[in-house]
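Next input, structure requested:
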Amino acid sequence: TDYCKTVVIVQDNQDICPNTGSFQGKISGDLKTERNDAMALSNVQLYISNNMSREQVVNGSYLFGDLKPATYSVKVQRNDDHVNGVSTADIVKIQRHILGVETLDSPYKLIAADINNSANITAADITEIRKLVLGVTSQFSKVQSWVFVPKSFVFTNPSAPWNGLAKEGIATIASDEKFNIDFVAVKMGDVTLNARANFNSGVSTRSNGKLSLELDNRNVFAGEEVRMQFKSSNFTNVAGYQFTLNFDVNALQFEGIEGGVLSVNENNFGLTNVESGKLTTSWNSEAAKTFGKDDVLFTLVFKSKVNAAVSGLIGITSDITAAEAYDEDVNVRDVTLGIRNDNGVAETGVFELYQNSPNPFAKESEIRFRLPEAGLAKLSIYNVTGKVIRVFDLQGSKGMNTIKLQKSDLGVSGVLYYQLDANNHSATKRMVIIE
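The predicted model follows:
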């Protein structure tokens, strides 16, 4: 007979229950980011003489009570979702720091930038971050996703915070002392401080503008080498961008990359998923760039398998690498792909369902989706057993659409799935509603 063993640990993290043991010592503290967001799902460990005595998984704060006289050390770990909060915007900031153009202004940001754990910030850190952003790697190789530093730690040299850096808090209990040891949580790779520390923090905002990348309208023919030259009519004051480029693998075979005025090469592209029709790209410059509408930014080379119009074969999405661009001040904008024709620029027809944000959520969340044409769409919410919770019948517009979900509209919590169906397209994603 199949079965599983479940262990339930009941903890008094808020120190509500009365002490019943003969030992009265306590160690407690808060776990927060530099911007004061409480940390969720953090593993707090209590050690005596290098031997772990107790362990807790907590949200925001911890408490170890009934402690006998001894010298204790407290360590905190969290190692999940390495790409959380990490984007090309962080590469822009780190490169400026390396070049002396703009200094990272806190010791915690300097710690976050040292991805290869070398006690220094170099181009090697940028290389590893870009691989993560492009989806070439799924995690950093030398560090965990989060590092925790005792808040009381005094940096002797804030511009070189690695010297004697403490990653544990120490407390010596002689009888019934109560110690408070708070920690600052540092998300590795995130120097823009937009990582989500808990279920409600870190929702990114974008300006009203967007970067429009464009291709000339044309038809392609089977067997032809297709050179898609990417241009832009508003490439003004752009410090960087990133996105996923989806192409129809039944119509196009990827052949290569050629630099243009941006001088990109294969290091700026992720080819891990090219066989499934997905290219990722990340580019940045130490100074924001401006180019004219006829300048070729870069060229992608394909071989066509069919006779078709370019507009239906390729599009920009956020499937792997989120589609966003950054101006001189690293404000975030959307990125779109359009087709130039006699009437102007028409956005390429792409169907895409985005991950809801925030996720998990306790009150409300936002689902965005993109349609290739205006028309009817159906959004279905169902649980892990397949039971349908709610169906939304929508009149979708061509391009980006948004729907706000209220927890009160669904009346349930836990793991759910949402499925979008529109014009022979379908996509499903997972979301979590918390109490």
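
Could you pull out the buried residues of the lowest-mean-pLDDT helix or strand in the chain?
Of all helical and strand segments in the chain, the minimum by mean pLDDT, DSSP states H and E falls on strand 344-347, at a mean of 82. For strand 344-347, burial by neighbour count (16 or more other C-beta atoms under 10 Å) applies to 345, 347. (C-beta placed from N, C-alpha, C; glycine too.)

what does stretch 304-315 give?
Applying 16+ other C-beta under 10 Å to stretch 304-315 flags 304, 305, 308, 310, 311, 313, 314, 315 as buried.

so how far does that stretch reach from one end to the other?
16 Å (C-alpha to C-alpha, to the nearest Å).

ditto for stretch 117-137
Per C-alpha to C-alpha, stretch 117-137 runs 17 Å from first to last residue.

which other residues reach it?
82-83, 86-88, 90-91, 94-95, 97-98, 104, 110, 113-116, 138-143, 160, 162-163, 189, 242, 267-270, 272-273, 280-282, 320-321 (C-beta atoms under 8 Å, 6 or more residues apart in numbering).

Tell me which strands the longest strand seen in the chain pairs with, and in which orientation.
Counting by DSSP state E, the longest strand found in the chain is strand 278-289. Partner strands for strand 278-289, per DSSP bridges, with pairing direction: strand 238-247 (antiparallel), strand 269-270 (antiparallel).

can you tell me the average pLDDT over the last one?
What it means is strand 269-270. Throughout strand 269-270, pLDDT has a mean value of 98.

again, but for stretch 374-388
Mean pLDDT, computed over stretch 374-388, is 94.

What residues sit buried inside it?
Within stretch 374-388, the residues scored as buried using 16+ other C-beta under 10 Å are 377, 379, 380, 381, 382.

and of those residues, the nearest to residue 218?
Nearest to residue 218 out of the buried residues of stretch 374-388 is residue 377 (C-beta to C-beta; 29.9 Å).

so when I look at residue 96, I'm seeing a helix, right?
Yes - using DSSP: H, G, I helix; E, B strand; the rest coil, the assignment for residue 96 is a helix.

That one: neighbour count?
Neighbours of residue 96 under the rule other C-beta atoms under 10 Å: 19.

for the closest residue to it other than its chain neighbours, helix, strand, or coil?
With C-beta to C-beta, 6 or more residues apart in numbering as the criterion, residue 96 has its nearest non-adjacent residue at 4.0 Å, and that residue is residue 102. Classification of residue 102 using three-state DSSP returns coil.

picking that back up, and the buried residues of stretch 374-388 as a markdown table, adding distance to residue 180 and secondary structure?
Below are these laid out as a markdown table (distance: C-beta to C-beta, whole Å; DSSP: H, G, I helix; E, B strand; the rest coil):
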| residue | distance to residue 180 | secondary structure |
| --- | --- | --- |
| 377 | 52 | strand |
| 379 | 47 | strand |
| 380 | 49 | strand |
| 381 | 43 | strand |
| 382 | 46 | strand |
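
Format those residues as TSV; extra columns: distance to residue 25.
Listed next are the buried residues of stretch 374-388 as TSV, based on distance: C-beta to C-beta, whole Å:
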residue	distance to residue 25
377	60
379	54
380	54
381	49
382	50
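
Taking the residues you listed, tell me the two that lie furthest apart.
Farthest pair in those (C-beta to C-beta) is 377 and 382. Separation: 16.3 Å.

May I have the strands that pair with the helix or strand residue 394 falls within, each with its orientation?
In this assignment (DSSP states H and E), residue 394 forms part of strand 388-396. Sheet partners assigned to strand 388-396 using DSSP bridges are listed as strand 375-383 (antiparallel).

Skipping its backbone neighbours, what lies nearest the spatially most central residue of the chain in space?
Closest to where the C-alpha atoms of the chain average out (C-alpha atoms, centre = their mean) is residue 84, at 3.5 Å. Once flanking residues are discounted, residue 84 sits nearest to residue 195: 4.9 Å by C-beta to C-beta, 6+ apart.

Run a quick neighbour tally on that neighbour.
Neighbour tally, residue 195, other C-beta under 10 Å: 25.

so it touches residue 33, yeah?
Yes - applying C-beta atoms under 8 Å as the test, residue 195 and residue 33 come out as touching, 7.5 Å apart.

okay, and the common contacts of these two?
Shared contacts of residue 195 and residue 33, counting by C-beta under 8 Å, 6+ apart, come down to residue 187.

before we move on, back to that, distance to residue 329 added to the strands paired with strand 278-289, as CSV?
Below are the strands paired with strand 278-289 laid out as CSV (distance: least, C-beta to C-beta, whole Å):
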stretch, distance to residue 329
strand 238-247, 8
strand 269-270, 26
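
closest to residue 401 out of those strands?
Comparing those by C-beta to C-beta, strand 238-247 comes nearest, at 17.8 Å.

Enumerate the positions of the helix or strand just after the closest one that are buried.
Reading on from strand 238-247 to the C-terminus, the next helix or strand found by DSSP H and E is strand 252-259. Using 16+ other C-beta under 10 Å as the test for burial, strand 252-259 gives 252, 254, 257.

Skipping its backbone neighbours, what lies nearest the second one in space?
Of all residues not flanking residue 254 in the chain, residue 274 sits nearest, at 5.2 Å (C-beta to C-beta, 6+ apart).

What is the burial count for the one you found?
Neighbour tally, residue 274, other C-beta under 10 Å: 16.

I'd say it and residue 253 touch.
No - taking contacts as C-beta under 8 Å, residue 274 lies outside contact range of residue 253: 9.6 Å.

residue contacts, residue 294?
residue 231.

Spatially, what comes nearest to residue 390 if we skip its sequence neighbours?
If the residues on either side of it in the chain are set aside, residue 390 comes closest to residue 381, at 4.6 Å by C-beta to C-beta, 6+ apart.

what are the bridge partners for the one you found, then?
Legend: beta-bridge partners of residue 381 under DSSP bridges are residue 390, residue 418.

show me what contacts it?
Here residue 381 is in contact with 388, 389, 390, 391, 392, 405, 410, 416, 417, 418 (C-beta under 8 Å, 6+ apart).

can you rerun that using 7 Å?
Shown in contact with residue 381 (C-beta atoms under 7 Å, 6 or more residues apart in numbering): 389, 390, 410, 416, 418.

now swap in residue 366 and tell me
So residue 366 contacts 356, 357, 402, 404 (C-beta under 7 Å, 6+ apart).

Turn those into CSV, including pLDDT, secondary structure and distance to residue 185.
Shown next, in CSV, are the contacts of residue 366 (pLDDT from 0 to 100; DSSP: H, G, I helix; E, B strand; the rest coil; distance: C-beta to C-beta, whole Å):
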residue, pLDDT, secondary structure, distance to residue 185
356, 91, coil, 24
357, 87, strand, 21
402, 92, strand, 31
404, 93, strand, 29
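
Looking at those residues, which is nearest residue 217?
residue 402 (28.5 Å).

Find the nearest non-adjacent residue to the closest one, please.
Counting by C-beta to C-beta, 6+ apart, residue 402 lies nearest to residue 368, which is 5.1 Å off, once chain neighbours are set aside.
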